[in-house]
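> Structure for this input, please:
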Amino acid sequence: MKYISTRGGIEPIGFKEAVLMGLARDGGLLLPDTIPLIGADTVEKWQELSFADLSHEVIRLFAPDIPAADLRDIIRRSYATFNHPQVTPVVRQGKVHILELFHGPTLAFKDVALQFLGNVFEYLLKENGQRMNILGATSGDTGSAAIYGVRGKERINIFILHPHERVSRIQELQMTTVLDANVFNIAIRGTFDDGQAIVKTIFNDLDFKDRHGLGAINSINWARIVAQVVYYIYAALRFNGSRVDFAVPTGNFGDIFAGYIARRMVPEHIRRLILATNENNLLTRFVVDGDYSLGKVVHTSSPSMDIQVASNFERFLFYLYDQESGRTRQAMESFAASGSLAFDAAEQEKIRANFLSLSVDQAETKATIADFHQETGYVLDPHTAVGVRAGLHFLDEQVPMVCLSTAHPAKFGEAVEEAIGREPELPAAVADLEKRQSRCQILDADADQVRAYIEEHGL
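Numbering: from 1, shown residues only. As a prediction, the model looks like this:
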């Protein structure tokens with residue numbers, strides 16, 4: 001298996017090179033040249049596997065250039081950090097099933113991919129004797145998960161941009177209280193979209209990228225997507241052959257794109273993907289109306305979804321355009337200039353063949369947390385509540401509905417308290433965050449300032 005760019009400007013490369021490249025050198029996103037279709041006999045064998053063993057079976061299909069024993073060791077170390085034996089358990093709550101993705105070290109779904117990616121980076125850099133400066137932007141959870149994935153690792157420095165005072169207090173402290181010498185937190189005076197734009201601008205400066213050995217830890221890195229594919233397949237195979245629906249709270253299109261890949265791999269087990277957004281409903285407008293146009297970022301109680309430019313959208317666009325890289329490149333250049341894309345009736349039909357979507361506002365999110373807690377005793381974080389609301393909206397009583405729980409409710413205690421009258425109990429991992437020393441640099445949302453900071457502090 002080789003990797004190609006959505007914009008067609010690079011020669012096919014292997015998995016190891018794709019991980020280190022991050023963003024394709026032509027400005028596009030990397031994708032495998034084929035998506036394997038898994039046969040019934042293999043699926044039957046996979047049903048008996050642990051999460052780590054299933055991860056090995058899935059990821060090795062996409063990473064044939066890493067020896068099997070090395071890959072197995074990377075995966076074993078990655079998921080040994082989780083506090084649940086199933087890593088991503090599925091629990092029945094009321095009319096839906098909750099896929100709990102918050103049992104990693106930072107209590108968020110990003111840990112599933114970033115514990116893996118951190119160990120892959122370390123393995124590859126040791127193998128080739130290189131060093132890396134990781135640059136990423138976060139709307140909340142990616143930053144801390146990325147930091148915990150590489151903190152203290154040799155040959156790596158990490159620079160994470162987050163929007164100043166626009167993430168939850170716990171999200172901020174999870175990042176800024178990590179004082180390892182290789183960790184650099186940057187709060188930018190702007191939005192997540194500003195941070196994401198800075199990251200892409202700097203990655204597209206190929207001279208700077210090469211000189212500083214920049215690596216990507218955002219979901220533009222394919223390794224993150226493939227690690228997330230695993231939990232869709234793992235969850236789908238818990239239902240004894242029944243097809244299932246997934247409700248996915250998303251703003252950046254990465255998590256649900258992993259679901260799209262999983263659905264293509266095991267179509268007999270995944271029926272529908274339900275894309276749930278908050279008031280930042282760019283992706284819902286895309287699915288429902290064929291309108292992909294920028295709006296103003298709205299600050300909500302689900303800040304990890306407060307996004308108006310979905311960085312993984314280009315990957316799906318490539319498939320929507322029948323893998324025509326020239327057309328994909330032209331569309332993304334047009335979007336960069338105009339801030340909008342439109343899709344005709346035939347394209348909208350193809351979109352809705354893959355996704356349903358619902359936008360859930362603040363009042364509905366709060367009500368869902370309250371109602372779900374009253375009915376089941378289970379506490380949802382606001383992101384998960386957005387997904388549960390959409391899942392219940394599209395519920396088919398004959399088909400299991402699996403709602404992705406992307407963060408522990410303790411990470412959003414204020415929003416939870418408003419809904420149920422009390423804050424959720426703090427897990428030990430975050431109970432003393434307020435008492436810890438913190439370190440952070442505040443900068444303007446300016447690519448040149450970030451470049452200068454990396455110049456000063458990079459490896």
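
> Quick one: the strands in the stretch 251-400 of the chain, in order.
Assigned strands in the stretch 251-400 of the chain, in chain order: 270-277, 291-293, 340-342, 355-359 (criterion: DSSP state E, counting those that start in this stretch).

> Show me what counts as buried in the second one.
Think strand 291-293. Judged by neighbour count (16 or more other CB atoms under 10 Å), strand 291-293 contains these buried residues: Tyr292. (Each C-beta comes from the backbone N, C-alpha and C, glycine too.)

> What mean pLDDT does it get?
Averaged over strand 291-293, pLDDT sits at 95.

> elements contacting that strand?
Packing contacts for strand 291-293, counted by 3 or more CB pairs under 8 Å, 6 or more residues apart in numbering; DSSP states H and E, involve helix 282-289, strand 340-342.

> Determine which stretch of the strands of the stretch 251-400 of the chain is the most buried.
Across the strands of the stretch 251-400 of the chain, the average number of neighbours (mean count of other CB atoms under 10 Å) peaks for strand 270-277, which reaches a mean of 24.

> So which elements touch that strand?
Contacts of strand 270-277 with other secondary structure elements, assessed using 3+ CB pairs under 8 Å, 6+ apart, are made with strand 244-249, helix 254-265, helix 282-289, strand 355-359, helix 382-393.

> would a markdown table of the ones you listed with distance to Val430 be doable?
As requested, the helices and strands packed on strand 270-277 are exported to a markdown table (distance: least, CB to CB, whole Å):
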| stretch | distance to Val430 |
| --- | --- |
| strand 244-249 | 21 |
| helix 254-265 | 22 |
| helix 282-289 | 29 |
| strand 355-359 | 30 |
| helix 382-393 | 16 |
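
> of all these, which lies closest to Asp194?
Asp194 sits nearest to helix 282-289 of all those, at 15.6 Å, using CB to CB.

> The closest one versus helix 254-265: what angle between them?
Here the directions of helix 282-289 and helix 254-265 differ by 50 degrees (axes from the mean of the first three to the mean of the last three CA atoms, to 10 degrees).

> which residues touch the helix or strand harbouring Asp194?
Using DSSP states H and E, the secondary-structure element containing Asp194 is helix 192-203. Taking contacts as CB atoms under 8 Å, 6 or more residues apart in numbering, the residues outside helix 192-203 that touch it are 22-23, 27, 135-139, 161-163, 166, 188, 208-209, 214, 216, 218, 297, 306-309, 311, 445-447, 450-451, 454.

> what's the closest of the helices and strands packed on strand 270-277 to Val230?
Proximity to Val230, assessed across those by CB to CB, is greatest for helix 254-265 (8.2 Å).

> any idea how far Gly129 is from Val19?
Here the distance between Gly129 and Val19 works out to 16 Å (CB to CB, to the nearest Å).

> neighbour count winner among the two?
Shown here are Gly129 and Val19; by other CB atoms under 10 Å, Val19 has more neighbours (25 against 7).

> before we move on, the earlier item: wait, which of the strands of the stretch 251-400 of the chain is closest to Gly9?
Each of the strands of the stretch 251-400 of the chain has some distance to Gly9 by CB to CB; the shortest is strand 340-342, at 20.2 Å.

> Strand partners (parallel or antiparallel) of the closest one?
Strand 340-342 has the following sheet partners, assigned by DSSP bridges: strand 291-293 (antiparallel).

> for this protein, what's the longest helix?
helix 110-128 (DSSP state H).

> mind listing what's buried in it?
In helix 110-128, residues buried by neighbour count (16+ other CB under 10 Å) are 110-125.

> Give me the residues contacting the helix or strand just after it.
Past helix 110-128, further along toward the C-terminus, the next helix or strand under DSSP H and E is strand 132-137. Applying CB under 8 Å, 6+ apart, the set of residues contacting strand 132-137 from outside is 20, 121, 125, 142-143, 146, 150, 155-162, 192, 195-196, 198-199, 202-203, 212-218, 450, 454, 458-459.

> Please list all residues in contact with Phe394.
Under the criterion of CB under 8 Å, 6+ apart, the contact list for Phe394 reads Asp245, Ala247, Arg272, Ile274, Leu356, Leu358, Met401.

> Closest one to Glu349 out of those, please.
Checking these against Glu349 by CB to CB gives Leu356 as the nearest, at 13.2 Å.

> The closest one: what's its closest spatial neighbour, skipping adjacent residues?
Taking CB to CB, 6 or more residues apart in numbering as the measure, Leu356 lies nearest to Ile274, with 4.9 Å between them; neighbours along the chain are not counted.

> How about the contacts made by that neighbour?
Contact criterion CB under 8 Å, 6+ apart gives Asp245, Phe246, Ala247, Val248, Phe355, Leu356, Ser357, Leu358, Gly387, Ala390, Gly391, Phe394 as the residues in contact with Ile274.

> Flag the shaky bits of this protein, pLDDT-wise.
Low-confidence segments of the chain, defined by pLDDT under 70, are absent.

> before we move on, the earlier item: among the contacts of helix 192-203, which lie within helices?
Per DSSP H, the contacts of helix 192-203 map to helices at Phe208, Lys209, Ala447, Val450, Arg451, Ile454.

> Verify the stated contact: the fourth one with Ile186.
Translated: Val450. Yes. Taking contact to mean CB atoms under 8 Å, the distance of 6.6 Å between Val450 and Ile186 places them in contact.
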